[in-house]
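Asker: Here's a sequence, model it:
(chains A, B and C)
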Amino acid sequence: MDIFGTLPLWILLSSLLPGLIIFLLKEESIRMRTTLNLFGAVTKIGLIGLMIWGVFHEKTIEVRWEMAPGMEMVLHADALSVLFVSLSAILWLVTTIYAIGYLEGTPHRSRFFGFFSLCVTATVGLALAGNLFTFVIFYELLTLATYPLVAHKGSPKAVRGARIYLAYTMAGGILLLIGAVWLRTIAGPLDFVEGGVLAEMSHLDPWALRWIFLLLIVGLGVKAALVPLHGWLPQAMVAPAPVSALLHAVAVVKAGAFGIVRVVYDVFGVEFASSLNLLPFLGAVAAITIIYGSIKALSQDHLKRRLAYSTVSQVSYIALGTAIVGPLATIGGVVHLVHQGVMKITLFFAAGNYAEKYNVHCVSEMDGIGKVMPATTLSFSIAALGMIGIPPVAGFVSKWYIGVGALEAGQGFWVIPVLLISSLLNAAYFLPILYRAWFKPAKAEWLEEYKKSGHKEMKATLVWPPVITATIAIIIGLFAAAPFSPLEWAQLIASREYRQ
Amino acid sequence: MNDVLLSLTPALPLVLGITSLFMRNACSLLLAPVFAFVVAVLVPVGASLELPWLLLGSYWQLDQTAKMFLLFSSLIWIIATLYMIREKPAHPSPQIYRCLFMLAMAGNFLLILAADMVSFYLGFAMMGLTAYGLILKPSQHARRAARVYLGFTVVGELALFAGMIILFNAVGSIQFADLVEQTFPGLAVALILLGFGIKLALPGLHPWLPLTYTAAPVITVAVLSGPMMKAGLLGWMRFLAPAAEDGMQIWGEVLLWLGALGVFWGFVLAMMQREAKAVLAYSSVSKMGFVSFLFGYALVYPAQKELILAALTLFAMHHLLLKPMLFLGLADYRQRGFNRLKLIGIIFLSLSMVAVPFSGGATVKIELAEATAKGLTAFFVMAGLASALMMMHFLYLVKHETVKPVRQVSQQTFDHTVIWWLLLPVAWWGPFMPYETGFDLKSLIILFVALTIYALLKRWFTTTVKPSPWTQPGDLYHLVQPLRFTWPVYLRSRIKRPPFFSRPFYLSASQQDDSGISLISKGLLWLILLALLIIAMLSAGVG
Amino acid sequence: MMINDAIVWLIAIPLLASLLSLVFPKKGTAIAIAGSILGLLASVALVYQVYQSGPITHELGGWKDGLGIVLRVDAMSALFIVMTMLVVTMVGFYASAYFTDAHKKAQFWPLWLMMVVALIALLASGDLFNLYVTLELLGLSAVGLTALSDNRAAVQAAIRYLGIGLLGSLVFLMGVALIYTAYGVLDLAMLATVVEAEPAAQLALALMTAGLLIKSALFPMHFWLPAAHANAPAPVSAALSALVVKVSVYLIIRLWFDVFSPVLQPTASFMLGVLGALAVVWGSWQALRAERLKLMAAYSTVAQLGYLFIFIPLVMAFPVGEERNTALAAFLLLALTHAFAKSALFLSSGVVLQRAGHDRIAELGGTARALPLTIFVIALAGVALIGLPPSGSFLGKWYLISSAVQTGQWWWIVVIAMGSLLAAGYMFRILGHAFGPDESIGKVMAKGSEEIPALILALTATVVLGFGSAWMWDFVNLASPLAGN
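Answerer: Numbers count the residues shown, from 1 in each chain, chains lettered A, B, ... in the order given. Have a look, this model is predicted:
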């Protein structure tokens, strides 16, 4: 039983150690690198399985290490962190497989996979962070680990994109740091507690708390790409496809959104935050982001840019769900954390495949690509429909819960229109892609090549990841009510957050 | 056993649809609708299936209504599937067409069996969205029609989604059984009316219908005009019919007016068409107006609700069978060298449409009249007259329209001709057994009056009325089309480079070494600093 | 016996080594390395001793008060001594590979070891006159080391450095003389008991501080630093930036809070804070604009020293006791982290300069491929310089912000935020170029002895001090005369 005492540490090490070893590997030792990567990823999933069991049975899973007096690094597993950790671990495995195929034959792979593992380590650490101090540490580490990935190609454009990414996230990191220090100074070492802790501290100045909230949300909002802090996201899409996929689905953007959830629920407590009148502010920002992102996405011809703006819009559903007081909205926001990740990663895998196979980067070049890349395009379609909110793909479930939650909280009058307009815009920027891909005639040389290759789309490592994630997206939507589905888990989280 | 049968009904077309992408031979696809038909026949009313792990907890049931819908829808799906297998659909990608066709079928069966909102919505969305792909064929018209259809469908889905969650919030359950005698929020009712109203082509929401019916492949039109369209009515019956009466009256009246308008609008525009398919399309608008009218009537008079809805279901089934048969027959007639025999079949079906005695149509009319306690005789007479006139116009155009016979595409025409003829009597008698059919003298009189009127005004309908944007299939669309929204320039794609980052601004000027400051100024600087420090130190003595 | 005399050994060993290397120039490297390692061990022993038994006082020669040489070591000086020895050892390893010319080596080691003697003696000195002497010795050996570089710019910079250093020492000496005439004592501990808030003491403190400000290159007195640090040989730059300027800051803190606490004025401390803030902004800005790697590192030093001065008004605002000690421990942590990180950065710059033939930032493309470990070290050093977790400076900055919040001096937070952002800007600018497409640099390999010492230093700054520094707070609390014990 002692294993639970160090479990979070092992989960971190399961990606950290392979990452560090990979750095030292020679470029040519492909087999060794692949083995290490996959071993780490599979081990992590196994350990997380154990952790899920532990959290479900309300075991205490915690590691503490004092870094300075009163400042402890705490890795703690609760229901929310388990949700995020599982998402990262599973998508990491899939993305690793994809990346192995995608980067085959390109230079600097040891470096890439090293940072890739570090990136996941940071994400997992972020998910397991047990207090704001630890969260800030991993939040910054995440920035560090992703920067080389964004700049990986080394072209001036990539370096520029990485620079912009860094400028935004560093600024956000500083604000988050200031907010965290301020809160730590006036309120003491606050561990994340389901239901929040600040409500009981009546001696604190509410205005100071409001300022702190603002600092924290702005700091996190940079990564979560809330408008007007989203500018880095479309620039960062210069990264290789697996990186974009991970960036948009789990690592960076989601880290920001996850942080917002943490701050609102486990630091302030949603009811207390609401009593300070903070949530309407968050809700308004989220709503503006949702609409703005969708409108911007409409006019992008570059596929990855369109997807990037779509992320801007979709991730804010999480913030929106968080900004509404009530268990149903909480479920919606939290479950979207998973659902958006699975769907978005599929879209980016597919976009990567298009670029890789036929050098297709723009929507206007995608005519008929469904005929020569059916599996990829089918996955893309499923994910896109899910983004719009078409059942049975997962996106529908999130929208349902956010909508119902808003109604339950009496906020429906503005949330429902936001949901509807956003879905309409989602349809407006995704459906034309599907039309082009499936129904427009394909280029003759593509058809010829497809025929020549014996109807083989691409290598398996590139085709399977989107297919797998698209299947997951359908499964978690279709069997949303099944035990241990993300939805059920989100319900568990909500029930624990609102236990008091 | 029933559980397995019920769950397989939508699952089978789904699985077959997906596997059809990888198969050359499409014959196995027929299995799905036939299976659904067998289920509809064999499984007793009341069989239900609970799937708590599916979606948000699903509940499927085969009640009386579902049984009717499943029975007749599956018949149309059978014949449509057969056509699809035998005849290569005029579609950019037959394989994709087959897959989408099967998915639409799965959606249709699912929504028929659904006893909870989410399953229904899933089926409805699957059916509605895949139909988009079925409409596309390589022609400008079809693409435009598909686009318009998709626009309407997406709006409909969203309205339905919003209505559904508002309803759920008010009622607290997603099962239809729990909606009974609940008070519905007005907004939910409005949104649900809108959501399904688009499928039922309420006036104003109908432009997609004529556009689609005239442009899409005939197989698509067959399933669209039959099973898919009636799904809208089923939606209303599932979602709105159980509601408590208070607050529903007003919506009933709205529907009454909209329905009446639809009957009239469809009729007028049908008479102005120069194309047989378009007449059938507008006739559908008119008929669905009639359906809406009756549904509204049921809402306004809750006492007769049960009866009216039962009769309305029969009417819908009748139309569900007839329309696709007409479309398919028409296409066959055109494509296979204007077969005289086929024409007779078409006329025969048209007669049932105008409710000649001993047809299904007539029986339906009688049922409806009884259900409404004969309070709507005048309306029925007018609607019957309109219907008769439309059918005459249709038949006239079938005979006189100048269309080149299309060269025969497929060799094996035998089996689907056979099945068409086999289905003909079923469609004729509609949802009734032959011995149940009634005799209604009124309809004969109406028919003769209509014949007379048409004979007198034939010239006016067919030559005098000049085509205009108003009267083209898709009327309203052509009026609104010039106003089409285009994105403002500032929202269009362009790569924006924030000036701050475009070039590292801090490198713009060459750097000066700080040591370049002259020695004197350095010295001065230091002395000032020293003085300041001393003053600061000494300030304590002053204070 | 051995352990208790650690501080004596710490001075004796480098001194002996320095003389030996002068006598046996061919064995210089071995002697120096051996001396450094022994010194490092002794410094660890010293920390252990102070941790166990509190501040220690050692009187050389046995003469009583005021006449002999008194050595005092408390938590702050012990930590600085360890820092010095670790940096010196690692840089020594690097230097053994850096200098290929035997003649240069023969010149380098004696001077280098003399500088170490001066550093340790200064940190351990217990009276004002000895402080002056060691300060002078340190300045001279540093100038000598700077001049080892061949190019004209280095010699010029060295000469300027010499002048500045002498000026600073002289002003310091004036202050010392003033104190001696007013109180007749030079021993720091005795002075602390008699000093009062009167003009003589105030003037003396002002003079000494002003002298030290020049030596510690606080803005706007920093003008000599970039040229000197950027043009010196890489090992020398590392020591200058990491150690030599820092001991001046150490001295200011020591004098202000330890000796002259009755004299202190919030106005003056605020002034130093403002200058520190200006240094942060100006230094970072210039570092961002720098075209050469070493120049950037030098300006970064100007900025990082600014942070240390921001601590002065914050420490002042706390009453003597645990809170002040917490702030001081954070100061120490920040200073230590900077020393390790900056020396690692300079060593890596040296590797780049030697292997790529230049250190122009804009032309660093391809270095990440050619010198991956070196670039990795630069990145690690960057993490510490920016103040990102898990480095020690992250914790230092955390406390800096926390102290600012606690004492209501929120304006420093703005400066810290700006400084961190600019630091991120200049560090990642280098990495951005290093990851860029290959341009000039061919296939080069660096020797392990060049890269490993820097790696150790950088890891110490980022990982060891981040995760393993919790004991330092206890240490400062236990063994600091500043706390009043």
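
Asker: so where's chain B uncertain?
Answerer: For chain B, the stretches with pLDDT under 70 are B:89-90, B:336-338, B:402-414, B:465, B:467, B:469, B:481-519, B:522, B:538-543.

Asker: domains of it?
Answerer: Listed domain ranges for chain B are B:1-244, B:264-404+B:413-480 (source: automatic domain parsing).

Asker: So which residues of the chain form strands?
Answerer: Since you didn't name a chain, this refers to chain A. For chain A, the strands defined by DSSP state E cover A:62-68, A:71-76.

Asker: please go with chain C instead
Answerer: Using DSSP E, the strands of chain C run over C:56-60, C:69-73.

Asker: Identify each buried residue in the last one, please.
Answerer: Which is strand C:69-73. Neighbour counts over strand C:69-73 (16 or more other C-beta atoms under 10 Å in any protein chain shown) mark C:69-73 as buried. All C-beta atoms are positioned from the backbone trio N, CA, C, and that covers glycine.

Asker: ok so B:E50 is a strand residue?
Answerer: Yes. Judged by DSSP: H, G, I helix; E, B strand; the rest coil, B:E50 forms part of a strand.

Asker: what's near enough to touch it?
Answerer: Shown in contact with B:E50 (C-beta atoms under 8 Å, 6 or more residues apart in numbering or on different chains): B:58-60.

Asker: What about the closest residue to C:W410 other than its chain neighbours, how many residues nearby?
Answerer: Of all residues not flanking C:W410 in the chain, C:A404 sits nearest, at 5.9 Å (C-beta to C-beta, 6 or more residues apart in numbering or on different chains). Counted with other C-beta atoms under 10 Å in any protein chain shown, residues neighbouring C:A404 total 25.

Asker: Same question for B:L441.
Answerer: Using other C-beta under 10 Å, B:L441 is surrounded by 9 other residues.

Asker: dump the residue contacts of it.
Answerer: B:P357.

Asker: Could you measure from it over to C:G387?
Answerer: Here B:L441 is placed at a distance of 96 Å from C:G387 (C-beta to C-beta, to the nearest Å).

Asker: Also B:E306?
Answerer: As for B:E306, its distance to C:G387 is 75 Å (criterion: C-beta to C-beta).

Asker: Looking at the two now, which is surrounded by more residues?
Answerer: Set B:E306 next to C:G387 and count neighbours by other C-beta under 10 Å: C:G387 wins out with 29 against 12.

Asker: For that one, give me the pLDDT.
Answerer: Listed pLDDT for C:G387 reads 90.

Asker: Can you list phi and psi of it for me?
Answerer: When quoted as degrees, to the nearest 10, the phi and psi of C:G387 stand at phi 90, psi 30.

Asker: Isn't it up against C:A417?
Answerer: No. Counting by C-beta atoms under 8 Å, C:G387 stays clear of C:A417, with 10.2 Å between them.

Asker: what number of residues lie near C:A34?
Answerer: So C:A34, with other C-beta under 10 Å, has 15 neighbours.

Asker: Let me see the contact set for the nearest residue to it once chain neighbours are set aside.
Answerer: Leaving aside its sequence neighbours, C:A34 sits nearest to C:A17 (C-beta to C-beta, 6+ apart; 7.3 Å). Contact analysis of C:A17 by C-beta under 8 Å, 6+ apart lists C:31-32, C:34-36, C:113.

Asker: Narrow those to those in helices?
Answerer: C:31-32, C:34-36, C:113 (DSSP state H).

Asker: Give me the buried subset of those.
Answerer: Looks like the ones in helices among the contacts of C:A17 have C:31-32, C:35-36, C:113 buried, using 16+ other C-beta under 10 Å.

Asker: now, which of those residues sits nearest chain B?
Answerer: The nearest member of those to chain B, counting by C-beta to the nearest C-beta, is C:L113 at 29.1 Å.

Asker: Identify the farthest-apart pair in the ones in helices among the contacts of C:A17.
Answerer: Pairwise distances across the ones in helices among the contacts of C:A17 (C-beta to C-beta) peak at 11.1 Å, for the pair C:A34 and C:L113.

Asker: Find the nearest non-adjacent residue to A:K59, please.
Answerer: Closest to A:K59 by C-beta to C-beta, 6+ apart is A:F4, at 5.3 Å.

Asker: Quick check, pLDDT for the one you found.
Answerer: We note a pLDDT of 75 for A:F4 in this prediction.

Asker: and it, how many neighbours?
Answerer: 18.

Asker: if I pick B:G259, what's in contact with it?
Answerer: Counted by C-beta under 8 Å, 6+ apart, B:G259 has contacts B:202, B:289-296.

Asker: Was I right to think the residue nearest to A:K59 contacts A:G54?
Answerer: Yes. Between A:F4 and A:G54 a contact is recorded at 5.3 Å, counting by C-beta under 8 Å.

Asker: between the two, what contacts are shared?
Answerer: Common neighbours of A:F4 and A:G54 (criterion: C-beta under 8 Å, 6+ apart): A:I61.

Asker: Residues of the stretch 351-500 of chain A that sit close to chain B?
Answerer: When proximity is defined as C-beta under 8 Å from any C-beta of the partner chain, the stretch 351-500 of chain A approaches chain B at A:370-371, A:374, A:385, A:388-392, A:397, A:399-400, A:403-404, A:407-408, A:412, A:416, A:419-420, A:423-424, A:427, A:431, A:435, A:438-441, A:477-483, A:487.

Asker: follow-up on the earlier one: just put the buried ones among the ones in helices among the contacts of C:A17 in JSON lines and tack on distance to B:H400 and pLDDT.
Answerer: Formatted as JSON lines, those follow (distance: C-beta to C-beta, whole Å; pLDDT from 0 to 100):
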{"residue": "C:I31", "distance to B:H400": "116", "pLDDT": "92"}
{"residue": "C:A32", "distance to B:H400": "112", "pLDDT": "93"}
{"residue": "C:G35", "distance to B:H400": "115", "pLDDT": "93"}
{"residue": "C:S36", "distance to B:H400": "109", "pLDDT": "94"}
{"residue": "C:L113", "distance to B:H400": "115", "pLDDT": "94"}
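
Asker: And the residues you listed, which is closest to chain A?
Answerer: Within these, proximity to chain A (C-beta to the nearest C-beta) peaks at C:S36, which comes in at 28.1 Å.

Asker: What residue in the stretch 151-300 of chain C comes nearest to chain A?
Answerer: Closest to chain A within the stretch 151-300 of chain C is C:L288: 11.9 Å, counting by C-beta to the nearest C-beta.

Asker: Tell me which residues touch that residue, please.
Answerer: If a contact means C-beta under 8 Å, 6+ apart, then C:L288 has B:506, C:422, C:425-426, C:429 as its contacts.

Asker: Of those residues, which are in range of chain A?
Answerer: Filtering the contacts of C:L288 for proximity to chain A by C-beta under 8 Å from any C-beta leaves C:425, C:429.

Asker: And the furthest pair within the contacts of C:L288?
Answerer: Spanning the widest gap among those are C:L422 and C:R429, at 10.4 Å by C-beta to C-beta.

Asker: burial count for residue 158?
Answerer: Picking chain A for this. 22.

Asker: wait, chain B
Answerer: Neighbourhood size, B:L158 [other C-beta under 10 Å]: 23.
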